[in-house]
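Undergrad: just a sequence and a predicted model for now, questions to come.
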Amino acid sequence: MTQLTTARLLLRRPDENDLDAFAAMNADPEVMRYIGDGSVLPPERAAAGIARARQEWDERGHGLLSVVVRETGRTAGWVALAVPAFLPEVLPAVEIGWRFGRPHWGHGYATEAARRLLRFGFTECGLDRVVSIRHVDNDRSRRVMDKLGLRFAFETVVPAHGRPVAVHEITEAEHRALGDASSAPAVQVEDERRAHDGDGGGRDE
């Protein structure tokens, strides 16, 4: 069982305890605004997503992790290392993405969780490059990507629905040159509240 920790968060493989939180995120128009074609998803997609995530861990050695606030035990959202099959032109690639429920926006959780998972991807999974993909108007996710050290690469469109996206990327060498980001202060909360990270960005569904 893969578990990662940060100062405030536990990252673990998803299970049935996450169903309500995941379904609530998928049903929230603001959370889903920049995900896929912008539509909300029915509740049953949460269970399917959890099953798929657990399978991906078994097959690839990386995947989606639920993000739990250690102080409260509440599931705040998820962060993932997954293959972005929805955008064939970037393949082969692994994408880092995240999604957090609105009650958990503005606390810097997306940056904190993604920073830890990115380090796991490079040091434990042997990845040599990671991308992150956002809707071009999603400036809040762009700010998270900037904090993680990902650089803008190019813009394109998702074939399935034609929405414009921006691709960001970072190599293992670039990440190593940044130093051990996990040892840096977890967040600067005032900055994160202005950025409202965690409102989507990353994985298309």
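TA: Right, received. Where do you want to start?

Undergrad: flag the shaky bits of the protein, pLDDT-wise.
TA: Filtered on pLDDT under 70, the chain yields the residue ranges 1, 180-205.

Undergrad: now the strands for it?
TA: Assignment of strands within the chain using DSSP state E yields the ranges 3-5, 9-12, 64-69, 75-82, 95-100, 129-135, 151-157, 164-171.

Undergrad: who's in contact with the second one?
TA: Contacts with strand 9-12, where a contact means C-beta atoms under 8 Å, 6 or more residues apart in numbering, come from 1-5, 65-70, 76, 79, 109, 112-113, 116-117. All C-beta spots, glycine's among them, are computed from the backbone N, C-alpha and C.

Undergrad: ok, the third one next?
TA: For strand 64-69, contacts defined as C-beta under 8 Å, 6+ apart pick out 2, 4, 8-15, 18, 49, 53, 56-57, 74-80, 82, 98, 100, 104, 109, 113, 117, 203.

Undergrad: and it, which strands flank it?
TA: Its sheet considered, strand 64-69 pairs with strand 9-12 (antiparallel), strand 75-82 (antiparallel) by DSSP bridges.

Undergrad: and the gap between the residue of the chain most remote from its centre and residue 152?
TA: Within the chain, the residue lying farthest from the chain centre (C-alpha atoms, centre = their mean) is residue 177, at 22.1 Å. Going from residue 177 to residue 152 by C-beta to C-beta, to the nearest Å gives 18 Å.

Undergrad: which residues touch residue 114?
TA: Residue 114 makes contact with 79, 96, 98, 144, 148, according to C-beta under 8 Å, 6+ apart.

Undergrad: redo the residues you listed as a markdown table? Include distance to residue 123 and neighbour count.
TA: Listed next are the contacts of residue 114 as a markdown table, based on distance: C-beta to C-beta, whole Å; neighbours: other C-beta atoms under 10 Å:
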| residue | distance to residue 123 | neighbour count |
| --- | --- | --- |
| 79 | 16 | 29 |
| 96 | 14 | 31 |
| 98 | 19 | 27 |
| 144 | 20 | 28 |
| 148 | 15 | 22 |
